[in-house]
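**Student:** Quick one, fold the following:
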Amino acid sequence: MSGGATETPVGCEAAPGGGSKKRDSLGTASSAHLIIKDLGEIHSRLLDHRPVIQGETRYFVKEFEEKRGLREMRVLENLKNMIHETNEHTLPRCRDTMRDNLSHVLQRLRAANESVYKLQQREQERKKVNSDHLIASEKQHILQWDDFMKEQPNKRAEVDEEHRKAMERLKEQYAEMEKDLAKFSTF
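**Tutor:** As a prediction, this is how the structure comes out:
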């Protein structure tokens, strides 16, 4: 089978071409030892898979770590390339675009600020005109009210005078009517 020793046929017979002498007890023990050794090898190959599994496990771990290391190296290399691309191409292009457009944006912003400032001035002037008109109107109303209040005593006096005259006329009229009534009541 294996082990480099020659096998002896069962029953302690001599090997073909080896002579007709029987083996002694020492030879039998030696062949039994070889058989046991062969059986151990057969058993370990057929039933004991630990060395094979350990070897496969070591191989798998080694391959996984190498692939992981290579994958991480690829990721780092890609990051390095992206950073280089960004620093060398994208950032300068963005700066140039920003510089070109920034002056245009600043001009538009200044124009917008001027328009807003003019609108604010117009609004303030309009409010001032309205406020001045309101103040003038209020002063005029105050003067008119003062004139009205000054005229009230005169008008009241006129109304009182008319009322007094009307009362006197009515008294005279009633006095005459009483006289006329007194004339007719004597009849």
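
**Student:** Tell me which helix or strand the residue nearest in space to the middle of the chain sits in.
**Tutor:** Taking C-alpha atoms, centre = their mean as the criterion, residue 94 is the residue nearest the geometric centre of the chain, at 24.5 Å. Element membership for residue 94 (DSSP states H and E) is helix 91-186.

**Student:** And the average pLDDT for that helix is what?
**Tutor:** Across helix 91-186, pLDDT averages out at 91.

**Student:** Checking residue 44 next. Helix, strand or coil?
**Tutor:** The three-state label for residue 44, taken from DSSP: H, G, I helix; E, B strand; the rest coil, comes out as helix.

**Student:** again, but for the one 4 residues further on
**Tutor:** Per three-state DSSP, the secondary structure class of residue 48 is coil.

**Student:** got a pLDDT number for it?
**Tutor:** 70.

**Student:** how close does it get to residue 40?
**Tutor:** For residue 48, the distance to residue 40 (C-beta to C-beta, to the nearest Å) stands at 10 Å. All C-beta atoms are positioned from the backbone trio N, CA, C, and that covers glycine.

**Student:** And residue 102, by the same measure?
**Tutor:** 86 Å.

**Student:** Next one: residue 171 from residue 165, what distance?
**Tutor:** According to C-beta to C-beta, residue 171 and residue 165 sit 11 Å apart.

**Student:** quick one: the helix or strand containing residue 59 to chain centroid distance?
**Tutor:** Per DSSP H and E: residue 59 is located in helix 50-85. On the basis of C-alpha atoms, centre = their mean, to the nearest Å, helix 50-85 sits 37 Å off its chain's mean C-alpha point.

**Student:** Check which residues of that helix are buried.
**Tutor:** In terms of neighbour count (16 or more other C-beta atoms under 10 Å), helix 50-85 has no buried residues at all.

**Student:** For it, name the packing helices and strands.
**Tutor:** Under the contact definition 3 or more C-beta pairs under 8 Å, 6 or more residues apart in numbering; DSSP states H and E, helix 50-85 sits against no other helix or strand.

**Student:** so how many other residues sit close to residue 96?
**Tutor:** Counted with other C-beta atoms under 10 Å, the neighbours of residue 96 add up to 10.

**Student:** Against residue 33, how distant is residue 49?
**Tutor:** Going from residue 49 to residue 33 by C-beta to C-beta gives 26 Å.
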